[in-house]
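# After the sequence you'll find the predicted model.
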Amino acid sequence: MQTGNISRKALITGGTNGIGRAIAKKFSEENFKTVIADVDNTKKRDENIFFCSTDVTRSSDIDHLFNYTTETIGNPDILVINAGIGIRESLTEGDPEKWQKVMDTNFMGALRCIRAFVPAMLEKGEGNVVFISSVSANQPHPSGGIYSASKTALEVIAETLRLETIPYINVTVISPGITDTKFFKNQISGHTSVEGLDMGFISPEDLAEDVFYAISRKNNRSINKIITRPLKQNF
């Protein structure tokens, strides 16, 4: 059973920028030993943070990440599934190859990480898995169908994992609203911006606080979902 103690070894996918980076810095401040896995090979070193170049769409990269992580910090007690990409395309005019890339990253990448790292948590009898989702999940909107579908699928997987691992694994979904990151700039297709939406924004550090709050609950309490968005956001 879970002891309620805050774990001290973490793995974060998509951890070199934005939300993932903020979570890694928060963990470092709390003296967690953390591996960040990202395709971005810019190694931003902080105390207690280690970097592993990883493309979560590739099984061979996940194998390498597993070996690197276990050799560097041991089996992680916290898995933060954050790696993801955005896209805005019409279903009748978009590029299916790009859609596949989104699903491979946002959905299949999560499944690969679960399969690699959660079994050791179950063997130990405790652990935390945090999914960084989006308010776009379960919210169909023009040109946003592929991204929304990927996050909806991710939340279904999160709930399935919770049910399959009761009472040992604490599963949390964090659903951010508009966040001040490079997310929109890095979309593989479509044009949007934080400023263009004109509804304000939250910071990556706000979401890092949400993650830490969720994993810090003690004894038999489990925070399963947190939605955080700007006060002005209407979706």
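Cool, the structure landed. Numbering: from 1, shown residues only.

# Contacts only, for Thr54.
Contact analysis of Thr54 by C-beta atoms under 8 Å, 6 or more residues apart in numbering lists 13, 37-39, 61-62, 64-65. Any C-beta I mention is one placed from the backbone N, CA and C, and that applies to glycine too.

# do that again at 10 Å, thanks
11, 13-15, 35-41, 61-62, 64-65, 68-69, 83, 109, 113 (C-beta atoms under 10 Å, 6 or more residues apart in numbering).

# Now, those that are in strands?
11, 13, 35-38 (DSSP state E).

# Which stretches in this structure count as helices?
18-29, 59-72, 96-103, 109-124, 145-165, 194-197, 204-215 (DSSP state H).

# can you list those helices in a markdown table and add mean neighbour count, mean pLDDT and distance to Ile226?
Formatted as a markdown table, those follow (neighbours: other C-beta atoms under 10 Å; pLDDT from 0 to 100; distance: least, C-beta to C-beta, whole Å):
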| stretch | mean neighbour count | mean pLDDT | distance to Ile226 |
| --- | --- | --- | --- |
| helix 18-29 | 23 | 94 | 13 |
| helix 59-72 | 16 | 98 | 25 |
| helix 96-103 | 15 | 96 | 23 |
| helix 109-124 | 18 | 98 | 18 |
| helix 145-165 | 18 | 97 | 12 |
| helix 194-197 | 13 | 75 | 20 |
| helix 204-215 | 20 | 97 | 5 |
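
# Tell me the spacing between the closest residue to Gly74 other than its chain neighbours and Phe117.
Distances taken as C-beta to C-beta, 6 or more residues apart in numbering place Lys9 nearest to Gly74, at 5.7 Å, with adjacent residues excluded. Note on Lys9: its distance to Phe117, by C-beta to C-beta, to the nearest Å, is 11 Å.

# And for Met103?
Separation of Met103 from Phe117 (C-beta to C-beta): 21 Å.

# Run the chain-centre distance for stretch 192-202.
Taking C-alpha atoms, centre = their mean, to the nearest Å, one finds stretch 192-202 lying 21 Å from the centre of the chain it belongs to.

# what sits up against it?
Residues outside stretch 192-202 that contact it (C-beta under 10 Å, 6+ apart): 19, 86, 88, 143-144, 176-185, 210, 228-235.

# What of stretch 26-34?
For stretch 26-34, the surrounding residues in contact (C-beta under 10 Å, 6+ apart) are 6-12, 15, 23-25, 36, 46-51, 69, 72-74, 76-78, 80, 204-205, 207-209, 211-212, 215-216.

# isn't Glu123 right up against Asn75?
Yes: here Glu123 reaches Asn75: they are 8.5 Å apart, a contact under C-beta atoms under 10 Å.
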